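J.: I would like the atomic coordinates for the input below:
(one chain, ligands or ions: 2)
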Amino acid sequence: MQINTFLKIYIPLPFFPVRKRFFRQNHRETCVTAEHMVQGTGSEHGQGDEGDAGDGGDGGTGMSGDAGTQGRRDGTREAQGASMGKETKATGAPVPLFAHNAPPRTENCNEKNVSAFAIQVKLWHIMAETEGIFMAIRIIHFSDPHAGGPAEDWMAYLDKRWVGVFNYRFRRRFRHDQSKFKRAVEYILDTRPDIAVCTGDLTSTGQPGEFAVMREILRPLRESSIPLIYTPGNHDCYVHRPSCMKAVNDTYREVNRGREFTDLPVRLEICGIDFLVVNTSRPSNLLCSWGFLDHRDAEWIAVRSQEHPGVTKILVNHYPMFEDHPFLRVRHRLFGEKPVRRLIESGAIDLSLCGHVHKPYCRVDATGRGENCAGSVTRNGSMVEILFDGKNFTYKTIQL
Ligand SMILES: [Fe+2]
Ligand SMILES: [Fe+2]
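T.: Ligands and ions are numbered 1, 2, ... in the order given. Here you go, the predicted structure:
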């Protein structure tokens, strides 16, 4: 018996209820969560309103960008539809299969979990491939929560930290609502995406106490089986002070479940996608928040972008590759980004995920390829949900 025939006949049997659910999903008008389907109690409808403007990069500038529509999530278990740049009201057209309506794919991505259930999910994937079905990957992208606090040692008044402490004391703490970050973590645990990505700036001055607060908030997510990628922002690498560098190292290791900060850049293969994770954040001078993509990292990205032809590649770093607002060019610019920008434009890299600019935006083509900035989860009160159906990326704003 040919292997294809075997797979088609024998493997689908234990998945029969799931298969029914899969095909039914393809004809649904909008997305519902797995809980709705199990309990059958959730009403579903799409709703979207015009996205708020938001403002500011790290320094608070207003910048042009795609206007985003936002769907509000409330406790009534209503399904929300909202997208960045597109309305997602029910249209009657088939929608991509959301991964959380299929068997929990996260099991497949969790290296630690080798169970019978994981084997079942593996078989499901083989079956899906055999039948030419690609199940959509769901990524939740958030950034820039910016915890803050007072100076933690007297040396803070002799280095750049006093600027950050002053900034937090008189400006940032009124703008960033940390309760939204807690809600973001709850939402991710609730909806179980295939991957969660944080593109940096967990803190304001990179001090150990700030990292400790954020690690505690992230702990339930870290202890879950949801794959989590974190790359530091410029505020996480604020100064060269050994205690601060140790704090960012420890946080990186803890959040990334044992991976070392010194391993960056690193390629992570999760759910069939190559994530190229790079650190572009370095301690900078007193007045600027510059990022640096050095030659070695740029070459590494170029080499990795040519490997695994046909595999989708997503670049993860803190700084925008394309944001060219004059304010960013002066105080918040990224140096050395041009070769990578060309790779994104040529399609060698499908998508760049970044933060730093405290306003969510998408700079993408018709297939959703390009760059996505998540904005600040505590300032904009939003995250971005990215769906990849094997061909196109689509974006939704999750309003917390
Ligand atoms: Fe930031
Ligand atoms: Fe930043």
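
J.: drop to CA atoms for contacts and neighbour counts, all remaining ones
T.: Noted.

J.: enumerate every residue touching the residue of the stretch 101-250 of the chain at minimum distance from ligand 1.
T.: Minimum separation of the stretch 101-250 of the chain from ligand 1 (Cα to the ion) falls at Asp144, amounting to 4.7 Å. Contact analysis of Asp144 by Cα atoms under 8 Å, 6 or more residues apart in numbering lists 199-203, 233, 355-356, 358, 375-378.

J.: intersect the residues you listed with the contacts of ligand 1.
T.: Restricting the contacts of Asp144 to those within reach of ligand 1 (Cα under 5 Å from the ion) leaves His356.

J.: secondary structure, distance to Glu307 and neighbour count added to the contacts of Asp144, as CSV?
T.: Formatted as CSV, the contacts of Asp144 follow (DSSP: H, G, I helix; E, B strand; the rest coil; distance: Cα to Cα, whole Å; neighbours: other Cα atoms under 10 Å):
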residue, secondary structure, distance to Glu307, neighbour count
Thr199, coil, 24, 28
Gly200, coil, 26, 30
Asp201, coil, 30, 28
Leu202, coil, 32, 28
Thr203, strand, 34, 29
Gly233, coil, 27, 31
Gly355, coil, 26, 30
His356, coil, 28, 28
His358, coil, 33, 27
Gly375, coil, 30, 30
Ser376, coil, 32, 30
Val377, coil, 33, 32
Thr378, coil, 37, 26
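
J.: can you confirm Glu269 is in a helix?
T.: No: assessed with DSSP: H, G, I helix; E, B strand; the rest coil, Glu269 is strand; it does not lie in a helix.

J.: quick one: the helices in the chain, in order.
T.: Per DSSP state H, the chain carries helices over the ranges 3-10, 16-25, 34-39, 106-109, 116-130, 161-167, 173-175, 178-191, 208-223, 242-255, 295-306, 326-331, 338-346.

J.: and the ones you listed, which one's lowest on average pLDDT?
T.: If you rank those by mean pLDDT, helix 34-39 sits at the bottom with a mean of 29.

J.: thinking again about what came up before, pLDDT score for the residue of the stretch 101-250 of the chain closest to ligand 1?
T.: For Asp144, pLDDT reads 96.

J.: do Gly75 as well
T.: Predicted confidence (pLDDT) for Gly75: 32.

J.: please apply the same query to Asp159.
T.: 86.

J.: and it, how far from His235?
T.: When distances are taken as Cα to Cα, to the nearest Å, Asp159 and His235 turn out to be 14 Å apart.

J.: alright, calling it a day.
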